[in-house]
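**Q** Sequence first, then the predicted structure:
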Amino acid sequence: MQRGSRTWIGPGLPVVLRSIPGLLVPPIVIYTGLAIGCSLNGVESDCPRACIANPVLRILSVPLALWIYFSLGSFIKYLRRQQDRRSLGPDVIEPPHIKKKLPGNIDWIPEAIRARDQEYIGDMFSQYFPTHGHTFNMKIFGLDQVFTCDPECIKAVLSTDFNSFEKGKKFKIKMDTVLGVGVFNSDGDMWQLHRSMSRPYFHRERVTHIDLFAQHSDIAIKRLLTRLSEPGLPAVDFQDLVGRFTLDSATEFLFGSSTHSLDAPLPRPNEPPVDESATFAAAFGRAQELLMRRFVLGSFWPWFELFKDRTEGSMEVINAFTNPILQAKLREKREGLLSLKEKGNEGDTLLDHLVGFSDDERVIKDELLNILIAGRDTTAATLTFACYALAMYPECLAKLRAEVLATFGTSDYPTLEA
């Protein structure tokens, strides 16, 4: 199931090679058109050759040809969309287009990279909503990138009209080195397969899952209280703490084995971070950051990964954790040991469940990583923001605490009934 060891071939090289015909066709078309035009007007046939021989014309011909080619393509695309709008009715409108200073909105790329490193997520987009509405189109070299904060649009994409919004080939190529063929990087039959494999598992109620999360939350709270008991009451990076808690609980929930990221020392304020580049948590976060960088770079990302997959190092760390667990589980199945376990029992993991459905190591592993990203990141973000909001509004914190104590008391863990 190893995703082919890459040496000098990066994930961007095949993309660039496939784009070569599109880069060569425009100059050839221009040269051919020039030759035909000269011939029809009785000009000597060596006229195009003479023009191309001119160094200035030779330099200018390629960008001119590409500009004509892409402009023509954009115009044809515009006509098709106009036709679609007329067929769908008068209420269908185009979202407003953002126009930056440079052609193709190329100046948006360094702005996006800077914002990702220095600002809050979403800040660079929020500046356009007051002036352009809840939905707008940021075209990068003619490629549509539609952003929205409209609840109805988001509901349509994620729920009511989900099947109309496929990931598409370009999206899947960007994500392939990390997400593979998982549920968040697939369409059609493959998406249906993942959904049919995973959905039954999450429909069953398991008391052991509550105990699992409680055990890891107890460890996280203990680490928090230990740090706060130190002299000087040093600050705690709550986002880091919650990220570790959700990673440990999610990996044990999915794989049956925790990454134990809470065992590592918590970072201290005003101290250089400890080198944790070889840990699962660091590799997991770094892989996601590199995927986002591909989206920021847009159509240019393949040129930065022609001969090296930037996610390869992170995936080696992740695979070192996941592969032995998965291979051992598949070996149990082949030896008939897995069938001895009661299907759907209280303590089985998602890995147990998926191995019962399939022997395809890559499909199972990709599905687990996809669900790990979804489950870990959403929970960590929710807990972090909830703590941030409650710290800002202590009266809400007091009200919530009173309600929790009244419902669950001070010692018992929550149950499925309460």
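**A** In hand now; what should we look at?

**Q** Mind listing what's buried along stretch 245-258?
**A** Neighbour-count burial for stretch 245-258 flags 245-255, 258 (criterion: 16 or more other CB atoms under 10 Å). The way it works is simple: take the backbone N, C-alpha and C, and place the C-beta from them, glycine included.

**Q** Outside of that stretch itself, list whatever touches it.
**A** Stretch 245-258 is contacted from outside by 209, 212-213, 216-217, 219-220, 259-262, 280-281, 284, 321-322, 325-326, 349-352, 368, 371-372, 375-377, 379-380, 383, using CB atoms under 8 Å, 6 or more residues apart in numbering.

**Q** Low-confidence regions, this structure specifically.
**A** Along the chain, the parts satisfying pLDDT under 70 run over 1-7, 34, 37-39, 41-62, 204-208, 273, 275-278, 338-347, 412-418.

**Q** what about the strands in it?
**A** For the chain, applying DSSP state E gives strands covering 135-137, 146-148.

**Q** nearest to Gly409, of those strands?
**A** Closest to Gly409 of these, according to CB to CB: strand 146-148, at 43.5 Å.

**Q** starting at the chain centroid, how far to the closest one?
**A** When distances are taken as CA atoms, centre = their mean, to the nearest Å, strand 146-148 is centred 16 Å away from the chain's centroid.

**Q** same thing with stretch 152-167?
**A** Here stretch 152-167 is found 17 Å from its chain centre; the criterion is CA atoms, centre = their mean.

**Q** in it, what's buried?
**A** Buried residues in stretch 152-167, counted by 16+ other CB under 10 Å: 153, 167.

**Q** oh, and call the first residue 464 from now on, that's how I've got it
**A** Sounds good: first residue 464 from here, last item stretch 615-630.

**Q** That stretch: end-to-end distance?
**A** Stretch 615-630 has an end-to-end distance of 19 Å (CA to CA, to the nearest Å).

**Q** and what of stretch 585-596?
**A** One end of stretch 585-596 sits 15 Å from the other (CA to CA).

**Q** Which two among the buried residues of stretch 708-721 are spaced furthest apart?
**A** Every pair of the buried residues of stretch 708-721 checked by CB to CB; the farthest is Phe708 and Phe718, at 16.3 Å.

**Q** Make a markdown table from the buried residues of stretch 708-721 and add distance to Arg864 to it.
**A** A markdown table is the format used below for the buried residues of stretch 708-721 (distance: CB to CB, whole Å):
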| residue | distance to Arg864 |
| --- | --- |
| Phe708 | 20 |
| Thr709 | 22 |
| Leu710 | 26 |
| Asp711 | 25 |
| Ser712 | 23 |
| Ala713 | 26 |
| Thr714 | 30 |
| Glu715 | 28 |
| Phe716 | 27 |
| Leu717 | 31 |
| Phe718 | 34 |
| Ser721 | 29 |
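
**Q** for these, which one is nearest Asp613?
**A** Lowest distance from Asp613 to these (CB to CB) belongs to Thr709, with 29.1 Å.

**Q** now that closest one: how far from Ile834?
**A** Distance, Thr709 to Ile834, using CB to CB, to the nearest Å: 13 Å.

**Q** Helices of the stretch 664-813 of the chain, start to end?
**A** Shown for the stretch 664-813 of the chain, the helices assigned by DSSP state H, counting those that start in this stretch span residues 670-691, 701-718, 743-760, 775-797, 813-820.

**Q** Relative to Pro573, which of the ones you listed is closest?
**A** That would be helix 743-760 among the helices of the stretch 664-813 of the chain, by CB to CB, at 9.5 Å.

**Q** Run the chain-centre distance for that closest one.
**A** Centroid separation for helix 743-760 versus its chain: 8 Å, with CA atoms, centre = their mean.

**Q** Tell me the buried residues in that helix?
**A** The neighbour-count check on helix 743-760 (16+ other CB under 10 Å) flags 743-751, 753-754, 756-757, 759-760 as buried.

**Q** now do stretch 554-570
**A** For stretch 554-570, burial by neighbour count (16+ other CB under 10 Å) applies to 558, 561, 567-568.

**Q** Kindly reformat the residues you listed as TSV containing distance to Glu574.
**A** Putting the buried residues of stretch 554-570 into TSV (distance: CB to CB, whole Å) gives the following:
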residue	distance to Glu574
Pro558	20
Ile561	11
Gly567	14
Asn568	10
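
**Q** Which one of those is nearest to Leu476?
**A** Gly567 (23.4 Å).

**Q** Disregarding residues adjacent in the polypeptide, which is nearest to that closest one?
**A** Nearest residue to Gly567, sequence neighbours excluded (CB to CB, 6 or more residues apart in numbering): Phe604, at 4.1 Å.

**Q** longest helix in this protein, by residue count?
**A** Criterion DSSP state H: the longest helix present in the chain is helix 518-551.

**Q** Packing partners of it?
**A** helix 475-503, helix 510-516 (3 or more CB pairs under 8 Å, 6 or more residues apart in numbering; DSSP states H and E).

**Q** now the angle from the longest one to helix 743-760?
**A** If I follow you right, that is helix 475-503. Put simply, helix 475-503 runs at 10 degrees to helix 743-760, going by axes from the mean of the first three to the mean of the last three CA atoms, to 10 degrees.

**Q** Return the distance of helix 475-503 from the chain's centre.
**A** Distance of helix 475-503 from the chain centroid (CA atoms, centre = their mean) equals 34 Å.

**Q** Next, the buried residues of it.
**A** Within helix 475-503, the residues scored as buried using 16+ other CB under 10 Å are 475-476, 478, 489-490, 493-494, 497-498, 501.

**Q** Now do the same contact list for the residue nearest to Gly567.
**A** 533, 567-569, 761-762.

**Q** separation between it and Leu565?
**A** The spacing between Phe604 and Leu565, counted by CB to CB, is 11 Å.
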